[in-house]
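*Asks:* Curious how this folds, go ahead:
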Amino acid sequence: MDSKLRIGLIEIGIEPEESAESRIDRILELLESVQDRYFDFLILPELWIIGAFDFKSNAEISQPLLQEVLMNISKIAAQKKTYIHAGSYPLKNLDGKLFNAAVIFNNFGELICKYSKIHLFGFKDGERTVFEPGTHVVVADILGRKMGISTCYDLRFPELYINQIELGAEVLIISAAWPTKRIAHWSSLLQARAIESQAFVIGCNAAGWSMDIELGGSSNVFSPMGQKLNPIRSEEIIEFEIDLDLVASIRSEFPVLQDRVSSMCFKREF
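*Replies:* Numbering: from 1, shown residues only. I've put the predicted structure just below:
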């Protein structure tokens, strides 16, 4: 398989006056408009149907509606012959517990990955009021490579990404709804994860507004050396090209990962 991948980040603008149904139709139409086989991988942001900060509405959204959306995205992935990270959704498990779950389909439309967000944002009054935290680190086989999957607030916790790298990840993918007022943290943390992991880091963030919180956009890709990549184009779908062979090259030329010492090995004195 070609090591060069064409990545498309769909930086969805969330506006209060647009209904969830209208937003769904708009995004499905955008996905339908993509040329067959043009993108290797398309990525959507976190909780894009309702907006990540409307906790009550996310808790109450119809599960059959979400399943219909995912079924349609699955069909589009198969039609376009592209992998699609469909963003994240408030999905219930068999016990009726609600999770902020990221979902990925392969280029045959098959569900290959579901990741439940581990670190829930908002302290006592935020996501924990409606979501259960996930418990599993997820590294998925995507396009013949290992890719670590995480969501938004997870980005602040480097131990998650250390686990993903130990599981073989060469690419780290973060779907997010990161606010404008902390957007400098978003860019800095994406870069930091790339540098410390010697991996490509792909961050797809929402724009617009969720409740009274402005979302910061600034979807970016960073190289394994921490360099911010320039997009090929910045339209409705922000397009990047990455060469996955660069990961092995950088890790061989500058093999810092082999010197990483597990925190379990540290002795602590009090």
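
*Asks:* So for the longest strand anywhere in the chain, what gets flagged as buried?
*Replies:* Counting by DSSP state E, the longest strand found in the chain is strand 83-92. Neighbour-count burial for strand 83-92, counted by 16 or more other Cβ atoms under 10 Å, picks out 83-91. (Each C-beta comes from the backbone N, C-alpha and C, glycine too.)

*Asks:* go on, stretch 231-248?
*Replies:* For stretch 231-248, by 16+ other Cβ under 10 Å, it's 231, 237-238, 240, 242, 244, 246-247.

*Asks:* need the residues you listed in a markdown table with distance to residue 206, can you?
*Replies:* Shown next, in a markdown table, are those (distance: Cβ to Cβ, whole Å):
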| residue | distance to residue 206 |
| --- | --- |
| 231 | 17 |
| 237 | 14 |
| 238 | 13 |
| 240 | 18 |
| 242 | 22 |
| 244 | 26 |
| 246 | 28 |
| 247 | 27 |
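
*Asks:* Show me what the longest helix that the chain contains is packed up against.
*Replies:* Of all the segments of type helix in the chain, defined by DSSP state H, the longest one is helix 63-80. Counting contacts by 3 or more Cβ pairs under 8 Å, 6 or more residues apart in numbering; DSSP states H and E, helix 63-80 packs against helix 20-33, strand 83-92, strand 98-105.

*Asks:* chain center to that helix, what's the gap?
*Replies:* A distance of 18 Å separates the centroid of the chain from that of helix 63-80, by Cα atoms, centre = their mean, to the nearest Å.

*Asks:* Residues touching it, excluding its own?
*Replies:* Contact with helix 63-80 is made by 20, 24, 28, 31-32, 34-39, 49, 83-84, 86, 89-92, 103, 105-111, as judged by Cβ atoms under 8 Å, 6 or more residues apart in numbering.
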